[in-house]
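>>> Any chance you can model this:
(3 chains)
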Amino acid sequence: MVPAGRVVTYGQVARAVGVPTAARQVGFVLHGLAPEAEVPWQRVINASGGISTFKIGLGELQSALLEHEGIVFTGDRVDLRRYRWQPPTDLAS
DNA sequence: CTGTTGACCAAGG
DNA sequence: ACCTTGGCCAACA
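So this is what the prediction gives:
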């Protein structure tokens, strides 16, 4: 789960699940789940911090949702260094 | 089964 | 900062 006001990259998620090579499939799956999914697909963006969904028409929704969560868009992308969610390490909880 | 495409990523020019 | 190349895995024609 990704906390509100945070974002994660596809590659990051891919690695998180143990399949660093399947970043594309992450997006592909999300595409299938998007409309009725309970998952915060809106917080999943590409490694450039940009909205990948602009090309498929969800960009407007995406940006709106993220802005709604408090994320500021720097032009057509967000500040990853600031909004990127870091996966929980079982090292220090 | 083969070839192309895709909500991607990292590296090199 | 932008484009190209290689890689990865799954869905489609």
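
>>> With adjacent residues omitted, what lies nearest to residue A:47?
Excluding its sequence neighbours, the residue lying closest to residue A:47 (C-beta to C-beta, 6 or more residues apart in numbering) is residue A:9, at 4.7 Å. Every C-beta, even on glycine, is put in place using the N, C-alpha and C of the backbone.

>>> The one you found and residue A:50 touch, don't they?
No: in this structure, residue A:9 is not within contact of residue A:50 by C-beta atoms under 8 Å, at 10.1 Å.

>>> quick revisit: the residue nearest to residue A:47: what's it in contact with?
Applying C-beta atoms under 8 Å, 6 or more residues apart in numbering to residue A:9 gives the contacts A:23, A:44, A:45, A:46, A:47, A:49, A:80, A:84.

>>> Can you check the pLDDT for residue A:93?
On pLDDT, residue A:93 comes in at 53.

>>> Report the central residue of chain A.
residue A:44 (1.1 Å; C-alpha atoms, centre = their mean).

>>> Which pLDDT value goes with that residue?
So residue A:44 comes in at 94 (pLDDT).

>>> and DNA strand C, which of the contacts of residue A:9 contact it?
residue A:23 (C-beta under 7 Å from any atom of the strand).

>>> how about the contacts of residue A:9 in a markdown table, adding distance to residue A:2 and secondary structure?
Listed next are the contacts of residue A:9 as a markdown table, based on distance: C-beta to C-beta, whole Å; DSSP: H, G, I helix; E, B strand; the rest coil:
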| residue | distance to residue A:2 | secondary structure |
| --- | --- | --- |
| A:23 | 16 | helix |
| A:44 | 8 | strand |
| A:45 | 11 | strand |
| A:46 | 15 | coil |
| A:47 | 16 | coil |
| A:49 | 15 | coil |
| A:80 | 14 | helix |
| A:84 | 10 | strand |
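
>>> And the contacts of residue A:9, which of them are buried?
Neighbour-count burial (16 or more other C-beta atoms under 10 Å) applied to the contacts of residue A:9 gives A:23, A:44, A:45, A:46, A:49, A:80, A:84.
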